[in-house]
Structures are given as C-alpha cells and as structure tokens.
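**Student:** Coordinates for the following, if possible.
(2 chains)
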Amino acid sequence: DSGVTQTPKHLITATGQRVTLRCSPRSGDLSVYWYQQSLDQGLQFLIQYYNGEERAKGNILERFSAQQFPDLHSELNLSSLELGDSALYFCASSRSGGAPDTQYFGPGTRLTVL
Amino acid sequence: GQNIDQPTEMTATEGAIVQINCTYQTSGFNGLFWYQQHAGEAPTFLSYNVLDGLEEKGRFSSFLSRSKGYSYLLLKELQMKDSASYLCAVRDRGATNKLIFGTGTLLAVQP
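**Tutor:** From the prediction side, this is the model:
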C-alpha cells in the first residue's frame, strides 16, 4: 500500500458524459501527478500540481482538467467522454515538486466508456 | 523528441537471472527510474539512477550509462512473483518531476 488513495476504483459511463476522479496523496506529499494508461500505450503523463498550483502539463486533452485543493487532494475532470478515453487513470504523489523524489502511485481508477 | 525503448516481452526461468534493457533519447535527462507493475495494479518503485554505474538493492540491480542513453534492470534468483511488467521512466530536466515512461517489458517467469 503506497499511501495514495484513489476513488472510485471502477467507473462505467457513456459517451458524452462527464466524470470526476479523486486522489488523496500520501501524508506530507505536496505534489500530485496524473497519468493515463491505455492498452496500446504506456503510462502517459497528463498533469502535475504542486501545493495547489499547476507545475507541469503533458499531453492532456482540452476536455480534461484538474485541480489540487488546499487540503492537497486532487481531482481530474474528464468531459465529453469518448470511447478512446477508456483507460486506467493513475494518480501519484511525491514529497516535493522539483527534486528527483520518488513518485508513489495510487491503485488507479479504471474508466470504461460505453 | 522523447523516445524510450524496451523489449515488449521476455521469458525467463525461476531461479535464473534476467536483464531488461532500456534505451532512451530525450530532450532532457535528470535521472532514470524503474517501476514494477503487476497487471491491473499500481506501478511500484524499484530503483533510481542519476549517475553512471550500478545500484544494487537486494535481488534487483539497475545500471545507467548516460553517454550511451542506456540502462538495464537485473533481476537475480527469479521467483514466480516477479512475473510482471517492468517500466523504465526518464525524469525530464527542469523544475518539474515529470516522468516519461517507456511502454514496459512484460516478464514471464516459468517454473
């Protein structure tokens, strides 16, 4: 158990819908990262937050957005869902945002878009 | 551009040694991580290299050559539970801790 929690574990929804994935980092970690993992691709970095502010952005679609709240938990919002958005979404956390800290991953949310 | 290459699949025998290679070509480099991932589960941290050379941690060792853009993960005394995907990830240079992952190597350990 990494100490990073994610909810829900599974999510099934329809195309065009909007969902919110939630992540709580390990105690004391200030940075949160979101990754997408689909069958035909490896882990793809989406976005990083550090202490409430956006720190880095990857290939995140405009339909996706994220935020980190004052209590440091983070939410990833996915809207206008398409079949291709079906994937495992992982959240990771680390102590700081810039040092080469180890990222610890949560158990993931499996999103299925029908 | 960013390119990280690993073999897609490998097979090895219980009790043996296996080496999983990773080559990278990235616009920046500030360290390389290895993670283990069992199917449907979270990646778990195995090792980190930022300087050239070998880092040993129990049955697992990782090597880095920055001039060659090359790393390997060495697993000794293989156990059935080592059957998993092994992910190589490069930390991007700069103020972030962004990781760029390879597609992973699926290792099957056979009795």
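**Student:** Which pLDDT value goes with residue A:96?
**Tutor:** For residue A:96, the pLDDT comes out at 82.
**Student:** now the strands for chain A?
**Tutor:** A:5-7, A:10-13, A:19-24, A:31-37, A:43-50, A:53-57, A:64-68, A:74-78, A:87-94, A:104-105, A:109-113 (DSSP state E).
**Student:** hmm, who's touching the fourth one?
**Tutor:** Residues from elsewhere that reach strand A:31-37, judged by Cβ atoms under 8 Å, 6 or more residues apart in numbering or on different chains: A:23, A:25, A:43-51, A:55, A:60, A:66, A:68, A:72, A:74, A:76, A:87-97, A:101, A:103, A:105, A:108, B:97-99, B:101. For every residue, glycine as well, the C-beta is placed using N, CA and C.
**Student:** so where is the chain shaky, pLDDT-wise?
**Tutor:** Using chain A here. Where chain A drops to pLDDT under 70, the residues are A:97-99.
**Student:** think we crossed wires, I meant chain B
**Tutor:** Short version for chain B, where the test is pLDDT under 70: B:1, B:95.
**Student:** ok, now with 90
**Tutor:** By pLDDT under 90, the weakly predicted segments of chain B are B:1-3, B:26-30, B:40, B:57, B:91-99.
**Student:** Switch the strands of chain A over to a markdown table; also include mean neighbour count.
**Tutor:** A markdown table is the format used below for the strands of chain A (neighbours: other Cβ atoms under 10 Å in any protein chain shown):
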| stretch | mean neighbour count |
| --- | --- |
| strand A:5-7 | 16 |
| strand A:10-13 | 14 |
| strand A:19-24 | 19 |
| strand A:31-37 | 25 |
| strand A:43-50 | 22 |
| strand A:53-57 | 15 |
| strand A:64-68 | 19 |
| strand A:74-78 | 20 |
| strand A:87-94 | 24 |
| strand A:104-105 | 22 |
| strand A:109-113 | 18 |
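**Student:** Contact residues of chain A facing chain B?
**Tutor:** Counting by Cβ under 8 Å from any Cβ of the partner chain, chain A comes close to chain B at A:2, A:4, A:31, A:33, A:35, A:41-45, A:48, A:55-56, A:58, A:88, A:90, A:94, A:96-108, A:110.
**Student:** Could you check how far residue B:13 is from residue B:78?
**Tutor:** 7 Å (Cβ to Cβ, to the nearest Å).
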